[in-house]
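Colleague: here's my sequence, what's the structure:
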Amino acid sequence: MRVLITGGSGLIGRRLVRRILEEGGRPVVLSRRADRLRREPGGGDFEVVQGDPTVAGPWQAAVDGCDAVANLVGHNVFAERWTGEVKRRIRDSRVRSTAHVVEALAAARSRPGILVQASAVGYYGPRGDEELDETAPPGSDFLASVCREWEDASAAAEALGVRRTVVRIGIVLAPGEGALGIMTPLFKLGPGVPVGGDGGFGPARGRQWMSWIHVEDVVGILYKALTDPDASGPINGVAPNPVRNAEFARALSNALWKPYAPWRIFLPWGPPDALLRLVLGEVADVVAKGQRVVPRRALELGYEFRHPDLAGALKDVLDA
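Modeller: Numbering: from 1, shown residues only. Coordinates of the predicted model:
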């Protein structure tokens, strides 16, 4: 299988490239920094195409002759404080790149039969304790609106006869990157605490839900979406056991400190939501609110999670 991957040098994309290689496939990675990527370890194991997916250009010809496309590109929503310009980049990196991928599919003479489109559980918006599977409607906040536009931009692929799967990805647990790349150093310096979840000025109790997934499993679900002909429509890329923020903080604290102390260094309260908003701005609402998302469709398709429980997933990631 020859697969064009946008976002192939990111946290998830790098590992999907390796999985495709391990399975005997041929990944083609689209990168704005193709020369640098070729020089990195393993860069000679796959084809690299120079191009920016947010801009139409010669890179679109690389779609022709591929069996599938995995569209994973998107500006990091936690990289900086949200301004009007940052929000524009968050949206355009997703929506415009997806529109250009669909344009390339339409123009291809030998058209890929599969489009695996990334999205996020932010699609559902903050929903309290409501359990959300793939049939739940979208939310109405900024990230939900972006996710809805992101997914809608890929919908035209179906009219071209392309099987389209949308993977709504949760909080990805990976060694030294993503959420754990931020949280682990802080939890090593002091006691673990809940982050947000009080809704105002009181101490945070971490009542909001966190829909997490080990990076191996999100790659596994993406590969399932590429290779299983029954995989179409939305699939929640989350583990089957979401937890509240306080439980996540306690589990991370325990996993980090257990080798050194028999007790859990954890405080049952943290900074209030109002303080998070003061420090982080609008992005604080993404941290302080959450979704209780379940992977109903992945389980129906027979996907077997390697890391279904948080304690085991954290141990595996931290050991790595």
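Colleague: which residue ranges of this structure form strands?
Modeller: 2-6, 26-31, 47-50, 68-71, 114-120, 131-132, 163-169, 171-174, 177, 209-210, 212-214, 233-237, 243-244, 292-293 (DSSP state E).
Colleague: list the helices and strands the fifth one packs on?
Modeller: This points to strand 114-120. strand 68-71, helix 84-107, helix 142-154, strand 163-169, helix 215-227 (3 or more CB pairs under 8 Å, 6 or more residues apart in numbering; DSSP states H and E). In short, each C-beta sits where N, CA and C put it, glycine included.
Colleague: now do the buried residues in the longest one.
Modeller: So the one you mean is helix 84-107. 86-87, 89-91, 93-102, 104-105 (16 or more other CB atoms under 10 Å).
Colleague: neighbouring contacts of that helix?
Modeller: 6, 53-56, 60-64, 69, 71, 73-75, 77, 80, 82, 111-112, 115, 117, 142, 146, 149-150, 153-154, 156-157, 160, 162 (CB atoms under 8 Å, 6 or more residues apart in numbering).
Colleague: how big is the angle separating that helix from strand 2-6?
Modeller: Helix 84-107 and strand 2-6 are oriented at 160 degrees to each other (axes from the mean of the first three to the mean of the last three CA atoms, to 10 degrees).
Colleague: tell me how many other residues crowd the residue nearest to G10 when sequence neighbours are not counted.
Modeller: What sits nearest to G10 in space, not counting adjacent residues and going by CB to CB, 6 or more residues apart in numbering, is L72, at 6.4 Å. A count of nearby residues for L72, using other CB atoms under 10 Å, gives 24.
Colleague: residue contacts, L72?
Modeller: Taking CB under 8 Å, 6+ apart, one finds I5, T6, G7, G8, G10, I12, G13, L16, A118 in contact with L72.
Colleague: out of the residues you listed, which end up buried?
Modeller: Neighbour-count burial (16+ other CB under 10 Å) is assigned, among these, to I5, T6, G7, G8, G10, I12, G13, L16, A118.
Colleague: just put those in CSV and tack on distance to V29 and pLDDT.
Modeller: Shown next, in CSV, are those (distance: CB to CB, whole Å; pLDDT from 0 to 100):
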residue, distance to V29, pLDDT
I5, 5, 97
T6, 8, 96
G7, 9, 92
G8, 4, 90
G10, 10, 89
I12, 13, 96
G13, 7, 95
L16, 10, 97
A118, 15, 98
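Colleague: and those residues, which is closest to L30?
Modeller: T6 (4.8 Å; CB to CB).
Colleague: and the closest residue to the closest one other than its chain neighbours, how many neighbours?
Modeller: In this structure, T6 finds its nearest non-sequential neighbour in V73, 4.3 Å apart by CB to CB, 6+ apart. Other residues near V73 number 25, with proximity taken as other CB under 10 Å.
Colleague: contact partners for V73?
Modeller: T6, G7, G10, P53, T54, S93, R94, S97, A118.
Colleague: over to L11?
Modeller: V172, A174, E177, G178, V215.
Colleague: one more time with 10 Å
Modeller: By CB atoms under 10 Å, 6 or more residues apart in numbering, the contact set of L11 is L72, N76, V172, A174, G176, E177, G178, G181, V215, V218.
Colleague: make JSON lines out of these and add distance to D45 and pLDDT.
Modeller: As requested, the contacts of L11 are arranged in JSON lines below (distance: CB to CB, whole Å; pLDDT from 0 to 100):
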{"residue": "L72", "distance to D45": "18", "pLDDT": "97"}
{"residue": "N76", "distance to D45": "26", "pLDDT": "87"}
{"residue": "V172", "distance to D45": "23", "pLDDT": "96"}
{"residue": "A174", "distance to D45": "20", "pLDDT": "94"}
{"residue": "G176", "distance to D45": "22", "pLDDT": "87"}
{"residue": "E177", "distance to D45": "21", "pLDDT": "86"}
{"residue": "G178", "distance to D45": "24", "pLDDT": "84"}
{"residue": "G181", "distance to D45": "25", "pLDDT": "83"}
{"residue": "V215", "distance to D45": "19", "pLDDT": "98"}
{"residue": "V218", "distance to D45": "21", "pLDDT": "98"}
